[in-house]
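*Asks:* Below is the sequence, then the predicted model.
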Amino acid sequence: MSSALDRACEKYGCAKVFLDPKLHTFDDCFGGAIRMGDIDGAVERNGHILWMEWKRGVILDAFETQFKAQIRQARAFTENSPKQTFIFVIGCPVEMDVNAYRVMWRGRFGPWEHGGTDALRSRLKRWFAYADEQRGAA
């Protein structure tokens, strides 16, 4: 099994250096302090779209204040359609250790969920199973 990005730096060069766009190039394309951001993970199945964003070293009580702009974007994205889901993950993306995660759907957050990487993997599998069942559904 392989990921969308091959991280074998010694073989192909480091994906973070060679494939990560330098988004600051577009900073002056938007008004005010608006800047283009990236998404850390995305998947589509039968028109259902899941976006994932990783954060490190976050204090959960300060999350909504610290990431106000990204939360606004996630809310707008998920309010567009019940087929769109956004998951914020708190943890270490290097070690793939998940401390907590929170799902936004239809513009509303669920509670912070815990249980580590295995719990998030289970949640993602449930999302996929649901999206997979929607094949041909109107």
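*Replies:* Perfect, I can see it now. Remember, predicted model here, so these are calculated numbers, not experimental data.

*Asks:* Going by C-alpha atoms from here, please, whenever you check contacts or count neighbours.
*Replies:* Fine.

*Asks:* name the helices or strands packed onto the helix ranked longest in the chain?
*Replies:* Ranked by number of residues, the top helix in the chain under DSSP state H is helix 116-133. When contacts are defined as 3 or more C-alpha pairs under 8 Å, 6 or more residues apart in numbering; DSSP states H and E, helix 116-133 packs onto strand 41-45, strand 97-105.

*Asks:* Could you single out the most deeply buried of those strands?
*Replies:* For the helices and strands packed on helix 116-133, the largest average neighbour count (mean count of other C-alpha atoms under 10 Å) is found in strand 97-105, namely a mean of 20.

*Asks:* what about the helix or strand just after that one, average pLDDT?
*Replies:* Downstream of strand 97-105, the first helix or strand assigned by DSSP states H and E is strand 108-109. Here strand 108-109 scores 96 as its mean pLDDT.

*Asks:* Outline the domain layout of this structure.
*Replies:* The record, using automatic domain parsing to delimit domains, assigns the chain the ranges 1-37, 39-133.

*Asks:* And those, which one averages the lowest pLDDT?
*Replies:* When I compare the domains of the chain, domain 1-37 is least confident, with a mean of 72.

*Asks:* Distance check, residue 62 against residue 107.
*Replies:* As for residue 62, its distance to residue 107 is 19 Å (criterion: C-alpha to C-alpha, to the nearest Å).

*Asks:* more neighbours, these two?
*Replies:* Legend: neighbour count by other C-alpha atoms under 10 Å for residue 62 and residue 107, higher for residue 107 (22 against 9).

*Asks:* returning to that earlier point: quick check: which of the domains of the chain is buried the most?
*Replies:* Of the domains of the chain, domain 39-133 is the most buried (mean count of other C-alpha under 10 Å), at a mean of 16.
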